[in-house]
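K.L.:
The following comprises the amino acid sequence and a computationally predicted model.
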Amino acid sequence: MKKNATSIVFTGDIGFDRYMDRKWEDEQLLSEELLDFFHSADHVCASVEGALIDAVDDGSRGIFFHSMNPEATSMYKKIGADLWAIGNNHSMDAGAEGVISTRKIAEELGCLAFGAGLNEVEASEPIYLDEAGGIGMFGVSYMAECIPATATEPGIFRWDDMDRIARLIKDIKSKCRWCVVIAHGGEEFAPLPNPYTRERYIKYLELGADAVVAHHPHVPENYELFDDGKMIFYSLGNFIFDTDYQRAHAYTDLGILLKLKFSAEKIDFEAIGMKLDRAAGRISECELPEIFTNIGQSDYSALA
């Protein structure tokens with residue numbers, strides 16, 4: 001029986017290495033309030049920041065090399081993450097083998113992975129939920145540090161491949177009530193999106209997408225609501241991610257869990273704040289960050 005309404009919780013970035021290595025074994029890592037929020041949704045879309053594979057840096061990435069022991073999937077199961085956004089600037093840190101391993105593990109667990117693949121077709125392939133009138137979703141990544149997939153080489157789906165993105169959105173909207181773009185982009189550690197990031201996400205909406213949910217800045221940013229019911233969430237910050245270079249920046253211990261609630265008529269949302277207690281190694285619910293508010297065109301015009 002098809003669901004007339006459904007909900008999806010979206011996470012910020014997840015990296016089970018550095019200070020978070022083996023933290024998937026800690027039964028107390030996540031508070032009960034956070035787990036309850038995850039379990040209240042029909043689906044959970046996790047931002048998988050790095051390949052699920054046993055790998056070591058070849059020397060080219062240094063402190064910016066990220067991969068995760070496949071055992072970390074025990075935490076993905078715990079929060080109910082059945083949708084994996086795997087396109088990001090660390091997708092290719094472990095090479096093609098990392099992409100192969102991540103997609104294989106997702107398939108074995110019955111999860112849908114998107115945003116990176118062995119070629120541009122696989123990387124750009126949408127996932128579909130036959131719920132709330134139909135939901136189509138695909139992932140894009142910015143270009144500064146990401147390795148794009150080509151016709152024959154693995155990588156991410158480029159966020160500036162506008163012809164292909166336009167075709168994807170049109171195709172999704174011909175089949176589904178809703179189109180959601182998951183974007184890995186924007187400036188790291190910035191409190192607001194820069195103009196070219198905002199303009200690009202708005203362009204996705206103009207092409208027919210209904211919502212954009214983004215990560216990569218590693219700090220929470222604002223959201224933007226539009227008169228036609230469309231919405232952009234510019235950065236959910238970190239979820240499970242902690243490194244020395246993160247600790248050098250303010251607000252990297254904060255994140256947002258976002259729940260989009262779909263019916264055939266509209267999208268609503270709710271969100272909770274979360275904070276990493278680095279001393280205790282615990283992640284708990286907290287007040288939503290003040291920056292997580294609706295900032296619209298008039299505000300941006302004033303800033304300009």
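P.N.:
Done, it's in.

K.L.:
dump the residue contacts of His215.
P.N.:
By Cβ atoms under 8 Å, 6 or more residues apart in numbering, the contact set of His215 is Gly12, Asp13, Ser47, Ala85, Asn88, Ala183, His184, Ser235, Leu236, Gly237. Quick note: C-beta positions are derived from backbone N, CA and C, even for glycine.

K.L.:
I'd like those residues written out as TSV, with pLDDT added.
P.N.:
Formatted as TSV, the contacts of His215 follow (pLDDT from 0 to 100):
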residue	pLDDT
Gly12	98
Asp13	97
Ser47	98
Ala85	98
Asn88	97
Ala183	98
His184	98
Ser235	98
Leu236	98
Gly237	98
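
K.L.:
all helices of this structure, in order?
P.N.:
32-39, 73-79, 95-108, 120-124, 162-175, 195-206, 244-247, 297-303 (DSSP state H).

K.L.:
Mean confidence (pLDDT) on the second one, please.
P.N.:
Spelled out, it's helix 73-79. The pLDDT scores in helix 73-79 average 98.

K.L.:
Distance to Leu288 added to the helices of the chain, as TSV?
P.N.:
Below are the helices of the chain laid out as TSV (distance: least, Cβ to Cβ, whole Å):
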stretch	distance to Leu288
helix 32-39	12
helix 73-79	19
helix 95-108	30
helix 120-124	33
helix 162-175	30
helix 195-206	21
helix 244-247	20
helix 297-303	18
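
K.L.:
Could you point out which of the ones you listed sits nearest Met137?
P.N.:
helix 162-175 (8.2 Å; Cβ to Cβ).

K.L.:
What angle do helix 195-206 and that closest one make with each other?
P.N.:
Interaxial angle of helix 162-175 relative to helix 195-206 (axes from the mean of the first three to the mean of the last three Cα atoms, to 10 degrees): 30 degrees.

K.L.:
picking up where we left off before, and the helices of the chain, which is most packed in?
P.N.:
Burial of the helices of the chain is given as mean neighbour count (mean count of other Cβ atoms under 10 Å); helix 120-124 ranks first at a mean of 20.

K.L.:
so what secondary structure elements neighbour that helix?
P.N.:
strand 116-117, strand 155-156, helix 162-175 (3 or more Cβ pairs under 8 Å, 6 or more residues apart in numbering; DSSP states H and E).

K.L.:
contacting residues for Phe292?
P.N.:
Contacts for Phe292 (Cβ under 8 Å, 6+ apart) come out as Pro220, Glu221, Asn222, Tyr223, Ile256, Ala271, Gly273.

K.L.:
Go ahead and confirm the second one touches Glu188.
P.N.:
No - because the distance of 11.1 Å does not satisfy Cβ atoms under 8 Å, Glu221 is recorded as not touching Glu188.

K.L.:
of those two, who's got more company?
P.N.:
Glu221 (27 against 16; other Cβ atoms under 10 Å).

K.L.:
For Asp57, report the pLDDT, please.
P.N.:
69.

K.L.:
swap that for Asn89, please
P.N.:
pLDDT, Asn89: 95.

K.L.:
Name the nearest residue to it, sequence neighbours excluded.
P.N.:
Closest residue in space to Asn89, ignoring its immediate chain neighbours: Glu145 at 4.1 Å, by Cβ to Cβ, 6 or more residues apart in numbering.

K.L.:
so the one you found sits right up against Asn88, yeah?
P.N.:
No - here Glu145 lies out of contact with Asn88, judged by Cβ under 8 Å, at a distance of 9.1 Å.

K.L.:
ok, these two, which is more surrounded?
P.N.:
Asn88 (27 against 14).

K.L.:
show me the contacts for that one.
P.N.:
Counted by Cβ under 8 Å, 6+ apart, Asn88 has contacts 13, 47-50, 115-116, 141, 146, 156, 184, 215-216.

K.L.:
Among those residues, which lie within strands?
P.N.:
Asp13, Ser47, Val48, Ala116, Ser141, Ile156, His184, His215 (DSSP state E).
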